[in-house]
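# take this sequence and fold it.
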Amino acid sequence: MGKEPEDTIASRISRVLADRIVRGELGAGLRLRQDHIAEEFGTSHVPVREAFRRLEAQGLAISEPRRGVRVASFDLKEVREVAEMRAALEVLALRHAAPHLTAAILDSAEEAAREGDAAADVHAWEEANRRFHRIILSPCNMQRLLTAIDDLHAASARFLFSAWRSGWEKRTDHDHRAIVMALRQGRTDDAAAILETHVQWIGRAPRSGPTREAFAIVG
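Numbers count the residues shown, from 1 in each chain. As a prediction, this is how the structure comes out:
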């Protein structure tokens, strides 16, 4: 069996570490040790360093002189920045995707919305929510734009999982339904306006719990 190329290994390592960070398994400020990760994945330090660079580009890790690479922290200001960026980029993608959206694609989006409403926990909801957005945006065929949006969705998911470690409440996402309806009727401007407002709600206000302040996150 051939040896796995270093760029493929780096990709795999960055995906696994990103998932652990997003899910909260690797907490903010935790040092990411090159030697431990290289040992876990059975590889040299080269692809691990490349994986770290990818995590930094996604805003999930930070490199500090003499302190090494650590899991990046986040605050409400950053949550709002991600929301603003997602709103702008997703509206751009939707406008380019709209002419290519078929009834079948919109049926798939509606199914993803239903799965989100039925989700029993935050991870299932986030997966369905991300799939909904990806379905309606992917037909823009602008790969660099879609990659940037994917990175921002990962950041959103991290905030979401932080806010909803327990006590997940099922919700009906009326915005998703309204977006699909507008797109079915060819009202791209209305769909874009709903999407922009929908995404900007992320982190708009903290939600209070008995023991914590957490971010109110939809989108």
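
# C-alpha only now, for contacts and for neighbours.
OK.

# the residue nearest the centre of the chain and residue 136: what is the separation?
Closest residue to the average C-alpha location of the chain: residue 153 at 1.9 Å, with Cα atoms, centre = their mean. Using Cα to Cα, to the nearest Å, we find residue 153 at a distance of 14 Å from residue 136.

# before we move on, what about residue 163?
Plainly put, residue 163 is 26 Å away from residue 136 if you go by Cα to Cα.

# which helix or strand contains the residue nearest to the centre of the chain?
Using DSSP states H and E, the element containing residue 153 is helix 143-163.

# and for the residue nearest to the centre of the chain, nearest residue in space, chain neighbours not counted?
residue 130 (7.1 Å; Cα to Cα, 6 or more residues apart in numbering).

# check which helix or strand the one you found maps to.
helix 122-137.

# same check on residue 106?
With DSSP H and E as criterion, residue 106 is part of helix 103-118.

# for that helix, buried residues please.
Within helix 103-118, the residues scored as buried using 16 or more other Cα atoms under 10 Å are 106, 109-110, 112-117.

# closest one of the residues you listed to residue 157?
Closest approach to residue 157 among the buried residues of helix 103-118 (Cα to Cα): residue 116, at 14.0 Å.

# that closest one is in contact with residue 133, isn't it?
No - assessed by Cα atoms under 8 Å, residue 116 is found out of contact with residue 133, at 11.6 Å.

# tell me what angle the helix or strand hosting residue 82 forms with helix 122-137.
Using DSSP H and E, residue 82 sits in helix 76-97. Note on geometry: by axes from the mean of the first three to the mean of the last three Cα atoms, to 10 degrees, helix 76-97 and helix 122-137 are set 40 degrees apart in direction.

# and helix 76-97, average pLDDT?
Averaged over helix 76-97, pLDDT sits at 92.

# and that helix, what does it pack against?
Packing partners of helix 76-97 (3 or more Cα pairs under 8 Å, 6 or more residues apart in numbering; DSSP states H and E): helix 122-137, helix 143-163, helix 188-200.

# try 10 Å this time
Here helix 76-97 touches helix 122-137, helix 143-163, helix 188-200, strand 213-215, going by 3 or more Cα pairs under 10 Å, 6 or more residues apart in numbering; DSSP states H and E.

# which elements pack onto the third one?
In this structure, helix 188-200 packs against helix 76-97, helix 174-184, with contacts taken as 3+ Cα pairs under 10 Å, 6+ apart.
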